[in-house]
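1. When you get a sec, could you give me coordinates for this:
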Amino acid sequence: MDTSTASSRFPLKVSEPVVRAIALEVFVLAGITVLTASLWPALILAVDFALRSIVNPGLSPLRLVARQGLVPLFHAKDRPVFYSPKRFAALIGLTLSLLALAGSLFGARELTVAAAGVLTLFSFLEAAFGFCAGCRIYGFLMRSGVIPIEWCPECVNL
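-> Model prediction:
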């Protein structure tokens, strides 16, 4: 359920079950990063968040696994949600995963654990309850006038 806009490589809407399955994958990878301060799960997260927020979400390996493998297992009813706030949330995820990656690369375990810990919490909330912290921040920024309402008029009520 990816409804693309005519002028963009980013979809207008995405499937909520796919988003929540991706969040489950992020939860696992971020949790491994917290427990091990390992470079590899943080690197996978950073690359995937970059693909989903900057390059093209269709290239995301986590999206592919979620869409082809996890969502069919849950038999969840498809529900389209707007992509703009999800993309903003992915940018937050990219920032946090890059911080975790930098901490891992430079031996700053506290930075790695803190950044990956926030990712673990946010992804758990999305996967388990459908609560997107980044989406809430996006809605607040729209209501505050920081993000133009024209970007997603329907998202103002987030």
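2. Pull out the buried residues from the longest strand anywhere in the chain.
-> Under DSSP state E, the strand in the chain containing the largest number of residues is strand 11-15. Using 16 or more other C-beta atoms under 10 Å as the test for burial, strand 11-15 gives 11, 13-15. (Each C-beta comes from the backbone N, C-alpha and C, glycine too.)
3. and what of stretch 58-68?
-> Buried residues in stretch 58-68, counted by 16+ other C-beta under 10 Å: 60, 62-63, 66-67.
4. Paired strands for the longest strand of the chain, with orientation please.
-> Here strand 11-15 is paired, per DSSP bridges, with strand 3-4 (antiparallel), strand 80-82 (antiparallel).
5. Lowest mean pLDDT across those strands, which one is that?
-> Mean pLDDT is lowest for strand 3-4 among those, at a mean of 46.
6. show me the contacts for the residue nearest in space to the middle of the chain.
-> Residue closest to the average C-alpha location in the chain (C-alpha atoms, centre = their mean): Ala90, at 3.8 Å. Ala90 makes contact with 49, 52-53, 57, 134 under the criterion C-beta atoms under 8 Å, 6 or more residues apart in numbering.
7. repeat that for 6 Å
-> Neighbour list for Ala90: 49, 52-53 [criterion: C-beta atoms under 6 Å, 6 or more residues apart in numbering].
8. Nearest to Ile22 among those?
-> Set against Ile22, the nearest of the contacts of Ala90 by C-beta to C-beta is Arg52 (8.0 Å).
9. The closest one falls within a strand, correct?
-> No: counting by DSSP: H, G, I helix; E, B strand; the rest coil, Arg52 falls outside a strand, being helix.
10. That one touches Leu59, doesn't it?
-> No: Arg52 is beyond contact range of Leu59, at 8.4 Å (criterion: C-beta atoms under 6 Å).
11. for the protein, what spans make up the helices?
-> 16-36, 39-50, 61-65, 71-74, 83-105, 109-129, 133-143 (DSSP state H).
12. what's the spacing between Pro72 and Arg20?
-> Distance of Pro72 to Arg20, given as C-beta to C-beta, to the nearest Å: 14 Å.
13. What of Pro41?
-> The gap separating Pro41 from Arg20 is 19 Å, by C-beta to C-beta.
14. Count the residues that sit near Ile149.
-> 12 (other C-beta atoms under 10 Å).
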